[in-house]
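Undergrad: Here you go, sequence then predicted model.
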Number of protein chains: 2
Amino acid sequence: MTSPAAPSPDGMPPTLLDLSTYLLSRIGRTARARLGERLAARGLRLWDMAVLAALADFGPHAQRELCERLALDPSDLAKVADRLAAGGHVERARDGADRRRVSVSVTDAGRALLAELDAEARSVQDEVLAPLDAPQREVLQELLLRVHAGLTAGRLGL
Amino acid sequence: MTSPAAPSPDGMPPTLLDLSTYLLSRIGRTARARLGERLAARGLRLWDMAVLAALADFGPHAQRELCERLALDPSDLAKVADRLAAGGHVERARDGADRRRVSVSVTDAGRALLAELDAEARSVQDEVLAPLDAPQREVLQELLLRVHAGLTAGRLGL
DNA sequence: AATATTAGTAGGTGTGAACCCACTATAGGA
DNA sequence: TCCTATAGTGGGTTCACACCTACTAATATT
């Protein structure tokens, strides 16, 4: 026995730890996975929460509009909408003017669900950002917002 | 410029943008994808770079040790090692003392490759962090390092 | 010597995400 | 009316990632 019980012998390579993008990727993946688990326990997926949030924040959308906003494939959105409608969290109604369009809107139950999901997300965030105090978290949020804005501005899609 | 030409109708829901973990996840995914593309253009994957970095930073490892350090499945590491050895970037040698073990080490070509990959990663990072100036990037790196340390300390594995 | 344990390898499985095509229904223009 | 385009839907493909199972070779234990 060379080493008694070393969980990680020494840790990750400094060459990687020195890359903010590496840390971003690792941390983001962890956060995503943890929230994903919690949503899965409710029979939901991450996109479900995104769709609920979009509807709650911006009001009813035709599905096509939701797809553009969230950069989600129409075919995939149909499945998300199915799931949410089955749970009574969104309602679908044919647009009277253009009967091809289906207008999707959150129900009260949907808003309540979103509040719970948001609480879950905050809980995960508390876990992940545990090493940071409140002001540090604000700084982080500010920096991330800038970076995110740069991404969506510069390149469409990716 | 606030909105020269809005590509997406309005943007993502504030409910999500308010979550640092959401931003972390999105940004990290983008960075990962962009670096992944560049590595793929060389016939490499992200794990290949991680393995090269570990060997360059910490010296030769038995494959088992590499697996523990990087939290990578032994079976998957075998494939990575195959690819790197085929390109002449690592060398595998049976351990004389314990002939089951295969000691893996970087070659000079491997170090040169790692330098190039690191340059690629920096280039992607420059793209992604474009909205931030140098001091802001330092602050971000510092915060991310703390968060990352908290993750690996608290929970092993995920 | 017999047995159990460990290192490495080959191949396969399950999942999630993104994407694509075919199809129906509706709308709009010639 | 005929033709084209658009909204939504169902089904399937592709890809990467993590994980798992057998199997061989070598070592350690008894």
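TA: Everything's here; your move.
Undergrad: Spatially nearest residue to A:Arg32 (excluding sequence neighbours)?
TA: Of all residues not flanking A:Arg32 in the chain, B:Ser25 sits nearest, at 4.3 Å (CB to CB, 6 or more residues apart in numbering or on different chains). Just so you know, the C-beta spots here come from the backbone N, C-alpha and C atoms, and that holds for glycine as well.
Undergrad: State the distance from that neighbour to DNA strand D.
TA: 14 Å (CB to the nearest atom of the strand, to the nearest Å).
Undergrad: which SS state does that residue fall under?
TA: helix (DSSP: H, G, I helix; E, B strand; the rest coil).
Undergrad: residues in contact with it?
TA: By CB atoms under 8 Å, 6 or more residues apart in numbering or on different chains, the contact list for B:Ser25 reads A:Gly28, A:Arg29, A:Ala31, A:Arg32.
Undergrad: Farthest pair within the residues you listed?
TA: Maximum pairwise distance among the contacts of B:Ser25 (CB to CB): 7.4 Å, between A:Arg29 and A:Ala31.
Undergrad: who's more crowded, those two?
TA: Taking other CB atoms under 10 Å in any protein chain shown, A:Arg29 and A:Ala31 do not tie; A:Ala31 has more neighbours (26 against 16).
Undergrad: What does the pLDDT read for the closest residue to that one other than its chain neighbours?
TA: In this structure, A:Ala31 finds its nearest non-sequential neighbour in B:Thr21, 3.8 Å apart by CB to CB, 6+ apart. B:Thr21 is assigned a pLDDT of 97 by the prediction.
Undergrad: and B:Thr21, how many residues sit next to it?
TA: B:Thr21 has 24 neighbours, counted by other CB under 10 Å.
Undergrad: right, and it touches A:Ala121 too?
TA: Yes. Counting by CB atoms under 8 Å, A:Ala121 is a contact partner of B:Thr21 at 6.6 Å.
Undergrad: For the two, list the residues in contact with both.
TA: Contact with both B:Thr21 and A:Ala121 is made by residues A:Leu35, according to CB under 8 Å, 6+ apart.
Undergrad: for chain A, which spans come out with low pLDDT?
TA: Applying pLDDT under 70 to chain A flags the ranges A:1-10, A:154-158.
Undergrad: on that earlier part again, quick one: residues contacting the residue nearest to A:Ala31.
TA: Contacts of B:Thr21 by CB under 8 Å, 6+ apart are A:Gly28, A:Ala31, A:Arg32, A:Leu35, A:Ala121, A:Val124, A:Gln125, A:Val128, A:Leu129.
Undergrad: taking the residues you listed one by one, which sit in helices?
TA: By the criterion of DSSP state H, membership of these in helices covers A:Gly28, A:Ala31, A:Arg32, A:Leu35, A:Ala121, A:Val124, A:Gln125, A:Val128.
Undergrad: from those, which is closest to DNA strand C?
TA: A:Arg32 (7.3 Å; CB to the nearest atom of the strand).
Undergrad: Can you report how many residues lie near that closest one?
TA: Residue neighbour count, defined by other CB under 10 Å, stands at 19 for A:Arg32.
Undergrad: and if you look at the one 5 residues further on?
TA: Other residues within reach of A:Glu37 by the criterion other CB under 10 Å amount to 12.
Undergrad: What's the separation between it and B:Leu117?
TA: 32 Å (CB to CB, to the nearest Å).
Undergrad: now A:Arg101
TA: Taken as CB to CB, the span from A:Arg101 to B:Leu117 is 48 Å.
Undergrad: Compare the two and say which is more crowded by neighbours.
TA: For A:Arg101 and B:Leu117, the more surrounded residue by other CB under 10 Å is B:Leu117, and the numbers stand at 21 against 16.
Undergrad: wait, doesn't that one sit right on B:Ala56?
TA: No. Counting by CB under 8 Å, B:Leu117 sits too far from B:Ala56 to count as a contact (10.5 Å).
Undergrad: now A:Arg92, what's its secondary structure?
TA: strand.
Undergrad: picking that back up, including distance to A:Arg83, could the contacts of B:Thr21 go into TSV?
TA: Formatted as TSV, the contacts of B:Thr21 follow (distance: CB to CB, whole Å):
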residue	distance to A:Arg83
A:Gly28	24
A:Ala31	22
A:Arg32	19
A:Leu35	17
A:Ala121	18
A:Val124	21
A:Gln125	24
A:Val128	26
A:Leu129	30
